[in-house]
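Peer 1: Sequence and predicted model, in that order:
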Amino acid sequence: MVTTSGPVLWAAQAGARGWTSDSARGLAYGFHASMPGYAATRLVELPELAAELGVGAVLVKEESDRFGLPAFKILGASWAVNQAISRHAGFDAPAADLAELRDRAAATPVTLVTATDGNHGRGLARMAAMLGLPARVYLPADTPSAVVAAIAGEGVEVLETDLIYDDVVRAAAASTTGRPDELLIQDTAWPGYEEIPAWIVRGYHTLFDEMDLQLGDRRPDLVAVPTGVGSLLQAALEHYRAPGLTHRPAILAVEPVSAACVTVSLAAGERVSVDTSTPTIMAGLNCGSVSTIAWPAIRDGLDAGVGVTDDQARDAMERLGGLGVNAGPCGAASLAGVRIALADADRRAALGVTGGSVVVLLSTEARH
């Protein structure tokens, strides 16, 4: 049963932790470890936030420096590029390491293409540079000039548009039609385009594999995930709803109130697109439609979704910064969402959070 909550943009469903994923885990970790500059991002404990939220512990997975980039997105882009290039070159399995993938890319060169609101495009651009391949990146309207410059600085072609995110994705996809030497590496799925987005999700599993190692014997009771189209959220659900797990944390999706496609869809029981024409400082989460491959996991395995305002994200960003965590507005959204969720007894109960709970916040990007 899905419940909603008054003026707060919130939807929750009972029984979500009983859903079991059939997705394989841990496939990308070894490949990522072969890439230059690999290191697990830090998991930092913040007792000040635990006291503020009335829980046993709060830990932040800080993705402010992943392969020298200010976000986690290269994890998905790199694994999808590995799979796609290997398939294009006629191999049944992905390359075991980056050196092998370079050889495959050199034998059958392609142009990598994507649409992005920032970090996915830069991650793809960095991967293209590692492989010596050209890339073309499409950007939606009002993309900050610093983001444009950062992606262009990776040495790829950048095309700025006057389109909203969902439309620029369609434009990027259309640009590759009839061009067999171009590969669209997009981090959202639609009917007929689902394999590559699924590979991107598998790449994100590395983040959660790292957290398992970093937590040791500890187990999270609540994991808060900043959410756009739902790919990282899907990875979290697949990871924490894997067969055989006896401890299954509650998963909370956090979105801008102006682009809460997951929360609105969860409440409706079906995929619902929302208008994203209102700007938000959480630009990387400003997505209007849930990825088609993410939706089944969200529909069946997500405990709750919550919308946060720009002011709430900004306050959370300042709080995390004061505690030494380099979080941008998208990354800080996880704290903003948990603050809303745990401020109400019914919402706490829906998530199963008690005074002894371990809460993990995913901080998905650095402050720009």
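Peer 2: It's in. Numbering: from 1, shown residues only.
Peer 1: which residues of the protein score low on pLDDT?
Peer 2: Flagging of the chain using pLDDT under 70 yields the residue ranges 1-6, 24-26.
Peer 1: so which helix or strand takes in the most centrally placed residue in it?
Peer 2: For the chain, residue 232 is the residue whose C-alpha lies nearest the centre (C-alpha atoms, centre = their mean; 3.2 Å). In this structure, residue 232 sits in helix 231-240 according to DSSP states H and E.
Peer 1: which helices and strands sit right next to that helix?
Peer 2: In terms of contacts (3 or more C-beta pairs under 8 Å, 6 or more residues apart in numbering; DSSP states H and E), helix 231-240 is packed against helix 195-215, strand 222-226, strand 250-256, helix 295-301. From N, CA and C alone the C-beta is placed, and that goes for glycine too.
Peer 1: could you dump those to JSON lines with distance to residue 315 and mean neighbour count?
Peer 2: Formatted as JSON lines, these follow (distance: least, C-beta to C-beta, whole Å; neighbours: other C-beta atoms under 10 Å):
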{"stretch": "helix 195-215", "distance to residue 315": "25", "mean neighbour count": "21"}
{"stretch": "strand 222-226", "distance to residue 315": "15", "mean neighbour count": "28"}
{"stretch": "strand 250-256", "distance to residue 315": "14", "mean neighbour count": "29"}
{"stretch": "helix 295-301", "distance to residue 315": "27", "mean neighbour count": "20"}
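Peer 1: just to revisit the earlier point, dump the residue contacts of the residue nearest to the centre of the chain.
Peer 2: Going by C-beta atoms under 8 Å, 6 or more residues apart in numbering, residue 232 touches 72, 201, 204, 207, 225-226, 362, 364.
Peer 1: which residues in the stretch 251-368 of the chain form strands?
Peer 2: Remark: strands assigned in the stretch 251-368 of the chain by DSSP state E, counting those that start in this stretch are 304-308, 358-363.
Peer 1: for those strands, which one sits closest to residue 29?
Peer 2: strand 358-363 (17.4 Å; C-beta to C-beta).
Peer 1: what lines up beside the closest one in the sheet?
Peer 2: As defined by DSSP bridges, the strand partners of strand 358-363 come to strand 57-62 (parallel), strand 222-226 (parallel).
Peer 1: which one of the ones you listed lies closest to residue 293?
Peer 2: Residue 293 sits nearest to strand 222-226 of all those, at 16.1 Å, using C-beta to C-beta.
Peer 1: List the neighbours of that closest one that are in contact with it.
Peer 2: Under C-beta under 8 Å, 6+ apart, the answer for strand 222-226 is 55, 232-233, 236, 240, 249-255, 282, 284-285, 330-331, 333-335, 337-338, 351-353, 357-362, 364.
Peer 1: Now that we have the residues you listed, which of them are buried?
Peer 2: 55, 232-233, 236, 240, 249-255, 282, 284-285, 330-331, 333-335, 337-338, 351, 353, 357-362, 364 (16 or more other C-beta atoms under 10 Å).
Peer 1: Just give me the neighbour total for residue 368.
Peer 2: Residues lying near residue 368 (other C-beta atoms under 10 Å) number 12.
Peer 1: hang on, I meant residue 192
Peer 2: That count, for residue 192 with other C-beta under 10 Å as the rule, works out to 8.
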